[in-house]
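Novice: what follows is a predicted protein model with its sequence.
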Amino acid sequence: MTSATVYDLATKDLDPPLAVVDLAAFDANAEDLRRRAAGKPIRVVSKSVRCRALLERVLAMPGFEGLMCYSLAEAIWHVEQGTTDDIVVAYPTADHEALRRLAASERARSAIAIMVDSPEHLDLVDAALGHGHPEIRVCLELDASWRPVPGVHVGTRRSPLFTAKQASTFARQVVARSGFRLVGVMAYEGQIAGLGDASGRRLNQLLVGWMQRRSAAELAHRRGEAIRAIQAVSPLEFVNGGGTGSIESTGADTVVTEIAAGSGLIGPTLFDAYTRFKPRPAALFALPVVRRPTRNIATLFSGGYIASGPTGPSRQPLPYLPTGLKLLGFEGAGEVQTPVTGRAARTLKLGDRVWLRHAKAGELAERFTHYHLVQGDRVERTVPTYRGEHQNFG
């Protein structure tokens, strides 16, 4: 029995468009992440999942501890739902209402650490809460980009804190401010964790691999200096680093106490471009065939689920099952229709399903209110995504 038949059989009583999560693949991916972490705990990145039932599932597995949320409002919601009492908010917040909710809840304050990288972030909290507010746990973000020569920046544009001196100076400012407690440091090496080393031409692959090795070595040295300088100012509960694509190099850094990962649970198409690991596709969505404009083309309903990031073919969903299908270069994946071609298109009939994979892990959950959790050839249960629980954190 082919995989396509298994998914078709499991969802035969459901109308597409629909989305499934293959639990066997999800669990296998979780086990592979745990193996790659080599004993260091993994903090689950919620934006890569955006489904409370799946987050609870992985948090119940050995080796996974706490969440890394992308929004303070999201973090407070998880505390209220009882998902976990250990959350780091990975991005600074300017949400005054969420800050007031945080300050008003002793339970939330003890569970959540918000991200800061400048005195202005502290000023913003004071402006939202007023002076004399309850103690807010904060995490300092260290810029983890690679800057081989002046004027060259390789990596994501995040924190202004790059050197150990800059980090320790800001740590002193946090410690000196009433109403704040410095509890952790995060450094996300996007140029390693989020950039595949198996895409493009051979020369490009070699250049990416060389860059990532050099960047990892530089970061290990600089992060170590920064953490030692910060710890001279204040003790830390955790030092977070990495992402699905850099687990091995991040875990080898002795100052890192935990690793962030999430996309590897889902296995989106962007992670096909890595040589270090091969996650199994766990989240799929099905679209029905609604037209046959030619013998070699089948047109699917909707499907324009384009991922964030630099626009281009890598951000489009890709046909997965049946095998042998591809998008049309001129149309791509459209808002209301998505034509596919290839040998398999000749056998598709109106009403047949084509299963596709999203380019990024969590963004599929913004398109569907529910995930059907598939175990073998049956739906074990149907669970809401964030959107299905009427939660939209931007």
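Specialist: Received the coordinates, thanks.
Novice: run through the strands of the stretch 251-394 of the chain in chain order.
Specialist: 258-261, 283-294, 297-301, 318-321, 326-327, 337-341, 353-357, 370-375, 378-384 (DSSP state E, counting those that start in this stretch).
Novice: contacts only, for the residue lying farthest from the centre of the chain.
Specialist: Distance from the C-alpha centroid of the chain, by CA atoms, centre = their mean, peaks at Arg295 (39.4 Å). By CB atoms under 8 Å, 6 or more residues apart in numbering, the contact set of Arg295 is Arg346. All C-beta spots, glycine's among them, are computed from the backbone N, C-alpha and C.
Novice: in the stretch 51-200 of the chain, which spans are strands?
Specialist: Using DSSP E, counting those that start in this stretch, strands in the stretch 51-200 of the chain cover 64-69, 87-89, 112-116, 136-141, 180-187.
Novice: output those strands as a markdown table; include the columns mean neighbour count and distance to Asp377.
Specialist: Supplementary listing: the strands of the stretch 51-200 of the chain in a markdown table, determined by neighbours: other CB atoms under 10 Å; distance: least, CB to CB, whole Å:
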| stretch | mean neighbour count | distance to Asp377 |
| --- | --- | --- |
| strand 64-69 | 24 | 28 |
| strand 87-89 | 25 | 36 |
| strand 112-116 | 24 | 41 |
| strand 136-141 | 24 | 44 |
| strand 180-187 | 22 | 42 |
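Novice: can I get these in a markdown table with distance to Pro313 and mean pLDDT?
Specialist: Listed next are these as a markdown table, based on distance: least, CB to CB, whole Å; pLDDT from 0 to 100:
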| stretch | distance to Pro313 | mean pLDDT |
| --- | --- | --- |
| strand 64-69 | 29 | 98 |
| strand 87-89 | 33 | 98 |
| strand 112-116 | 32 | 98 |
| strand 136-141 | 32 | 98 |
| strand 180-187 | 31 | 97 |
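Novice: nearest to Thr338, out of those?
Specialist: Shortest distance between Thr338 and the strands of the stretch 51-200 of the chain, using CB to CB, is found for strand 64-69: 31.9 Å.
Novice: partners of the closest one, with directions?
Specialist: Paired strands of strand 64-69, with direction, are strand 42-45 (parallel), strand 87-89 (parallel) (DSSP bridges).
Novice: Arg343 versus the residue lying closest to Val45 once chain neighbours are set aside, what's the distance?
Specialist: If the residues on either side of it in the chain are set aside, Val45 comes closest to Gly262, at 3.0 Å by CB to CB, 6 or more residues apart in numbering. For Gly262, the distance to Arg343 equals 35 Å [CB to CB, to the nearest Å].
Novice: compare the two and say which is more crowded by neighbours.
Specialist: Taking neighbours as other CB atoms under 10 Å, Gly262 and Arg343 compare with Gly262 leading, 24 against 11.
Novice: which stretches of the stretch 101-250 of the chain have low pLDDT?
Specialist: Counting by pLDDT under 70, the ranges of the stretch 101-250 of the chain that qualify are 191, 193-201, 203.
Novice: do a quick rundown of the helices in it.
Specialist: Per DSSP state H, counting those that start in this stretch, the stretch 101-250 of the chain carries helices over the ranges 106-111, 119-129, 164-176, 190-193, 202-231, 247-251.
Novice: which of these sits closest to Thr385?
Specialist: That would be helix 106-111 among those, by CB to CB, at 22.6 Å.
Novice: so which elements touch the closest one?
Specialist: When contacts are defined as 3 or more CB pairs under 8 Å, 6 or more residues apart in numbering; DSSP states H and E, helix 106-111 packs onto helix 72-81, helix 96-104, strand 136-141.
Novice: only the buried residues of that helix, if you could.
Specialist: Residues Ala108, Arg109, Ala111 are the ones in helix 106-111 that count as buried (16 or more other CB atoms under 10 Å).
Novice: repeat for stretch 302-313
Specialist: Ser302, Gly303, Tyr305, Ile306, Ala307.
Novice: now do the contacts for the nearest residue to the second one once chain neighbours are set aside.
Specialist: Pointing back at Gly303 there. What sits nearest to Gly303 in space, not counting adjacent residues and going by CB to CB, 6+ apart, is Thr338, at 3.4 Å. Neighbouring residues of Thr338 by CB under 8 Å, 6+ apart: Leu287, Thr299, Leu300, Phe301, Ser302, Gly303, Gly304, Leu327, Glu331, Gly332.
Novice: how far away is Thr338 from Pro319?
Specialist: Taken as CB to CB, the span from Thr338 to Pro319 is 9 Å.
Novice: now do the shared contacts for these two.
Specialist: Leu327.
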